[in-house]
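Chemist: sharing a model prediction with you, sequence too.
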2 protein chains.
Amino acid sequence: MVVDVPAAGGRRLPSRVPVPPPRSFLCTVGASLKETLFPDDPFHAVAREPAGGRRALAVLRYVFPCLDWLPSYSLGKLRSDLVSGVTVASLAVPQGISYARLAGLDPVVGLYSSFVPALVYTVLGSSRDLAVGTMAVGSLLFASMLGAVASPTKDPVMYASLAFTATFFAGAFQAALGVLRLGFLVDFLSHAAIVGFMGGAATVVCLRQLRGFLGLPHFTNDTDLPAVMASVFSQSGQWHWQPFVLGCALFIFLQITRYISKKRPKLFWVSAAAPLVSVILSTVLVYLIHGEKHAIQTIGSIKKGINPPSFNSLLFSSLHTWLAAKTGIITGIISLAEGSAVAKSFAMAKNYHVDGNKEMIAFGVMNMAGSCTSCYVTAGPFSRSAVNRDAGCRTAASNAVMALAVLATLLFLTPLFRHTPLVTLSAIIASAMLGVVDLPAAAHLARVDKVDFCVCLGTFLGVVFGSIDVGLIVAVAVLILRILLSVARPRTTALGRIPDTTVYRRTDQYDMAQATPGVLVLRIDSPIYFANASYLRERIARWIDDEEDRIKAAAGEDKLRCVVLDMGAVASIDSCGTKMVEDLKRSLDKRSLKIALANPGSEVMRKLDKSKVLQLIGDEWVFLTVADACDYAQSNCNASPDEMV
Amino acid sequence: MVVDVPAAGGRRLPSRVPVPPPRSFLCTVGASLKETLFPDDPFHAVAREPAGGRRALAVLRYVFPCLDWLPSYSLGKLRSDLVSGVTVASLAVPQGISYARLAGLDPVVGLYSSFVPALVYTVLGSSRDLAVGTMAVGSLLFASMLGAVASPTKDPVMYASLAFTATFFAGAFQAALGVLRLGFLVDFLSHAAIVGFMGGAATVVCLRQLRGFLGLPHFTNDTDLPAVMASVFSQSGQWHWQPFVLGCALFIFLQITRYISKKRPKLFWVSAAAPLVSVILSTVLVYLIHGEKHAIQTIGSIKKGINPPSFNSLLFSSLHTWLAAKTGIITGIISLAEGSAVAKSFAMAKNYHVDGNKEMIAFGVMNMAGSCTSCYVTAGPFSRSAVNRDAGCRTAASNAVMALAVLATLLFLTPLFRHTPLVTLSAIIASAMLGVVDLPAAAHLARVDKVDFCVCLGTFLGVVFGSIDVGLIVAVAVLILRILLSVARPRTTALGRIPDTTVYRRTDQYDMAQATPGVLVLRIDSPIYFANASYLRERIARWIDDEEDRIKAAAGEDKLRCVVLDMGAVASIDSCGTKMVEDLKRSLDKRSLKIALANPGSEVMRKLDKSKVLQLIGDEWVFLTVADACDYAQSNCNASPDEMV
């Protein structure tokens, strides 16, 4: 039946909403799987090619993104990549050594980790700006979680095996997420939680550098502030002023160079080269003044040569395999959260596209390959990638350049680090970590969204005063709670007509929106399904009660006769949802109220039709617009026999 | 700035959306807490009374719902409640004995459980129709979970202690959910999952009755179909025909009475009294023919007297306390899911209101009191409540009547059950369970919603072929996945103008909806927050790419100049969401596209304003309606200098 009512613009148009043709179950499931797993349509480029050789090439290009830029690689690009690769390498060498020590591993492992993974990423990575390397937070996670079962100093072989195993699990987990296209799970870690977590971890890492600054012989494995402070002050008899002075001088030098680069982006190389300069200066100094006599500890000898294989030391059936897997998965998620955020934000700035799931596969393969070649977990840390970008990198080849520069270091330069003082590494770490504590972001959260700020602060305090685990649990619990609440308590609003238009808007937002006499218009802003159907039933009942109370109080107004539900924003409905609409219809019948639906989508129409709820409501009560529904209700609801004039 | 554009109805109206006045953080949190925890405004009645004595009375009435009906209790109501209470008692006595045996407890515990909890519910319950009693599924859960650590036959004292402890935990958990107003968590168990779970559990319970029908001496504790069948067939040498014949006869008798009551609702008492009649008939028969000589096992002696106290046997520091707590919590959730669904649907049919959280407190107190008085877990099972309603109950006093009838049985009649054959109990259980397998509901799901049907089937198969745990895990995993997907993949749709109106509708639903040249209108049907911000960014980018591809293919069309986002259904936005809008604006700037927002809600306007994203977009680009936005975009986007004619 087609009902004609006056419509917007003065013309008449059929206001009935047709039931769309049925779709098969498989077709629906297929479409929703596609939207869920391939929202960015990654095979777009492949599908566009005609079958045959060109499509095979497109597939290859999809699997190996380097084939995208290799054919058009030019001398100009090479020059840019060379400059940026060497610049990043000058940062990667001292940072690699520092972070490996932070992770409790042999310093050379940090260099290994900048070599093989960077080569793998050159082939598989789709970001042009990402610079591969080890992360401070990942290193801290390794030290605190694996250090609980194997001491890095007393049982270094076992500890290294655990670290390689954890790296393997991190890679396997990342690759699995990517292959199964479950990358969206990483999005559930909100920005606020990451800011809090990173800030907390960086604070802890900074404080732990007091060991190097004060030249302490022992230190706690715990990461919380009270334990670290207790460890520092319990050894107050062994504090040394010499490393402290050297460390502070280097720290101030590094901070000044960072400040310069920040003020003048063209001088990006000042801060990028500063760590290497401080290593060189402090090594020469310590060599000249015989630092060991002044209580300045040094790195000691570092092996020459490229990555030895390590797949034999992976532990798949040890007592501690589960711990290694847990460490790997947590580190893997955190590094993905940072890495894919960095890749995406840089890609957006340069207006190219990064496929998050493909990035995950690249990270996964990179870490699995790394675990077999004496590397520990790597990612695309923000600071290093920013240097890479500022240095003008054009393609992922800058990672290969960096890898070759690190290779040269491994082959020829490692003996030079023998006299590098440990406090230099501490100063480099502390300086880098200060940049990770993102106070402006926290301030922004406090201004824009207090709830997010609470999440951020809670995570931060959890990490600093509890442990990394506590911080993560706080973050995940709050995020799950927020999701559940947003799902269980969708918004319903009452609408009113903007005078002299057919536009209906929220009465609580626009004072000029006027309720239609005798009609209550409600909008539901959410899919209706098991998680909220029961709430919506009660909430709508309360809207109606409140409206009837209001009308009773304001004597003389028209009795309520019809409830119009604006279903425009109801994306889907399940069997609990159709039951809810059916129950609502029946309970309104008992109160002699009519119900009308406005603008239901195709999915909703199909489900209401199949569940026979549409027939119950009557399809003449389903309208294209709220205005149509209200007009029809006003002219058709007054005819109940006991109220006829 | 106020921009005037032609609006619907031909008049001009200011189309700018004002930023609403800021609200304090505490005020926002307070409002959202109220909406989350008190969506049904439970203290409405209390708040309406003036302070003083009348308000105190309202509080008392809120806490003890019996004060609502007691003052107006009349002789007519008493007569109705007497009839229904006695009818339910005639069902409660044989069912209580049967279910207690199913749970592995002394049969008299089933009678105790229909006494004290029913009295508690009379005082605290707010449903007029609910009949309190033990549940078959809860009994099965007790037997299978607690039976794993204590044998009901070899160590009955320990087993009973565990059962009382589990009951206490069930009650404490239910009361805690109610007091903390977290009742909505129970809504997350979707109807489909409950249908599957109940059906599976009922199937298992039915199959386990083969023990009674065949008179088997031993039986497995496992609940899965293969284990039960193996147990039955491994004892094929010990099958007896006498209990089988008696059982089948009783089962058929019970089915026929159920059929009669179903066809003629007025004869509800036929099926209600049938279990008691079968108990009486079979007891007399077995007594006369000396059943024990014919391999017919009987219940044996049952203690006389009212509930003995049992709080001394609650185990709070045993090895198995955790198991008891787990059993209690799972049983507590399941019984709440059934009980509150029953209470709500009966209340809706009679048009009165039941407060879900208050019901939970009533259930919780009832079970905690029960655990101290030798009762095991009770709820409001559907079958018994339906009998109560059909028998014409008027208030919760019918539960008190039933309790008194059960008390009389406990005091005087228990010796009569001495010769009741066990197979009678099996027949009663099997007959009741057939009613729980809700095939019409499953068929409805299969027709209306295939995904829900898969959830239902998966849960059913998990329970029948795996175990109760497996079924529950399947259900919860699928439900969490569905929630995550609905949250992570909100719907976005392109809108087009319905000719000769200012109405914009989905182009994929209405063929007549026409795209505005040069403008892409997208609607987002979800809050924008951390869980979906990243997806929405990518999805919108894909919409724009697809639109530009389409325009390129259809040569001659206007270039895309503006993207209009219909934000009407965006209920809220967090800091990740505002960042998404900001990123979108910046990336559209790079493509020289304008962005306009239509109809953002007050919450969204406030957040966009605070995060300075509104200033970035320019508040002249925020419109009341999509039509305004499109008109403005068409007249203001063509002026880029390189394209001027």
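Modeler: That came through, no problem. Bear in mind the structure is a predicted one, so any value in this text is a computation, not a measurement. Numbering: from 1, shown residues only, chains lettered A, B, ... in the order given.
Chemist: what is the burial count for A:T378?
Modeler: 30 (other Cβ atoms under 10 Å in any protein chain shown). Any C-beta I mention is one placed from the backbone N, CA and C, and that applies to glycine too.
Chemist: find me the pLDDT at it, would you?
Modeler: pLDDT for A:T378: 94.
Chemist: report the buried residues of the particular helix or strand that has A:Y99 in it.
Modeler: Under the criterion DSSP states H and E, the helix or strand holding A:Y99 is helix A:75-102. The neighbour-count check on helix A:75-102 (16 or more other Cβ atoms under 10 Å in any protein chain shown) flags A:77-78, A:80-102 as buried.
Chemist: could I get the contacting residues of the nearest residue to A:C248 once chain neighbours are set aside?
Modeler: Spatial nearest neighbour of A:C248, excluding adjacent residues (Cβ to Cβ, 6 or more residues apart in numbering or on different chains): A:F213 at 7.4 Å. Contacts for A:F213 (Cβ atoms under 8 Å, 6 or more residues apart in numbering or on different chains) come out as A:P243, A:F244, A:G247, A:C248, A:V423, A:S426, A:A427, A:A430.
Chemist: now those in a markdown table, with neighbour count and secondary structure?
Modeler: As requested, the contacts of A:F213 are exported to a markdown table (neighbours: other Cβ atoms under 10 Å in any protein chain shown; DSSP: H, G, I helix; E, B strand; the rest coil):
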| residue | neighbour count | secondary structure |
| --- | --- | --- |
| A:P243 | 27 | helix |
| A:F244 | 17 | helix |
| A:G247 | 27 | helix |
| A:C248 | 13 | helix |
| A:V423 | 31 | helix |
| A:S426 | 27 | helix |
| A:A427 | 30 | helix |
| A:A430 | 24 | helix |
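Chemist: which of the residues you listed sits closest to chain B?
Modeler: Taking Cβ to the nearest Cβ as the measure, A:A430 is the one of the contacts of A:F213 closest to chain B, at 28.4 Å.
Chemist: from memory that closest one sits against A:I252, does it?
Modeler: No - proximity of A:A430 to A:I252 does not meet the contact threshold set by Cβ atoms under 8 Å, at 11.1 Å.
Chemist: just checking, what packs against the longest helix seen in chain A?
Modeler: Across chain A, the helix with the greatest residue count (assigned by DSSP state H) is helix A:321-350. If contacts are counted by 3 or more Cβ pairs under 8 Å, 6 or more residues apart in numbering or on different chains; DSSP states H and E, helix A:321-350 sits against helix A:136-146, helix A:156-179, helix A:184-187, helix A:191-208, helix A:356-371, strand A:378-379, helix A:382-390, helix B:575-590.
Chemist: could you redo the last one with a cut-off of 6 Å?
Modeler: Applying 3 or more Cβ pairs under 6 Å, 6 or more residues apart in numbering or on different chains; DSSP states H and E, one finds that helix A:321-350 makes contact with helix A:136-146, helix A:156-179, helix A:356-371.
Chemist: what's the angle from the helix holding A:Y99 to helix A:382-390?
Modeler: Here the directions of helix A:75-102 and helix A:382-390 differ by 160 degrees (axes from the mean of the first three to the mean of the last three Cα atoms, to 10 degrees).
Chemist: ok now helix A:75-102, how far from the chain's centre?
Modeler: Relative to the centre of its chain, helix A:75-102 is centred 26 Å away, using Cα atoms, centre = their mean, to the nearest Å.
Chemist: C-terminal to it, what's the next element?
Modeler: Helix A:75-102 is succeeded, C-terminally, by helix A:107-112 (DSSP H and E).
Chemist: contacting residues around that following helix?
Modeler: A:96-97, A:99-101, A:134, A:299, A:302-303, A:307, A:374-376, A:406, A:410 (Cβ atoms under 6 Å, 6 or more residues apart in numbering or on different chains).
Chemist: one more pass at 8 Å, please.
Modeler: For helix A:107-112, the surrounding residues in contact (Cβ under 8 Å, 6+ apart) are A:93, A:95-101, A:103, A:134, A:160, A:163, A:299, A:302-303, A:306-307, A:373-376, A:406, A:409-410, A:414, A:417.
Chemist: equivalent analysis for stretch A:435-445, please.
Modeler: Stretch A:435-445 is contacted by residues A:136-137, A:191-192, A:195-196, A:198-199, A:201-203, A:258, A:383, A:452-453, A:456-457, B:575, B:611 when judged by Cβ under 8 Å, 6+ apart.
Chemist: how about stretch A:34-54?
Modeler: With contact meaning Cβ under 8 Å, 6+ apart, stretch A:34-54 is reached by A:55, A:57-59, A:61-62, A:180-182, A:184, A:353, A:355-358, B:485, B:488-489, B:535, B:538-539, B:542.
Chemist: out of the residues you listed, which are buried?
Modeler: The neighbour-count criterion (16+ other Cβ under 10 Å) marks A:58, A:61-62, A:181, A:184, A:355-358, B:488-489, B:535, B:538-539, B:542 among the contacts of stretch A:34-54 as buried.
Chemist: when you compare pLDDT across these, which one is lowest?
Modeler: The lowest pLDDT within those belongs to A:F184, with 78.
Chemist: could you check how far that one is from chain B?
Modeler: As judged by Cβ to the nearest Cβ, to the nearest Å, A:F184 and chain B stand 5 Å apart.
Chemist: and what of A:A324?
Modeler: In terms of Cβ to the nearest Cβ, A:A324 sits 26 Å off from chain B.
Chemist: burial measure for that residue, as a count.
Modeler: 27.
Chemist: then A:A51?
Modeler: 7.
Chemist: quick one: secondary structure of it?
Modeler: Using DSSP: H, G, I helix; E, B strand; the rest coil, the three-state assignment for A:A51 comes out as coil.
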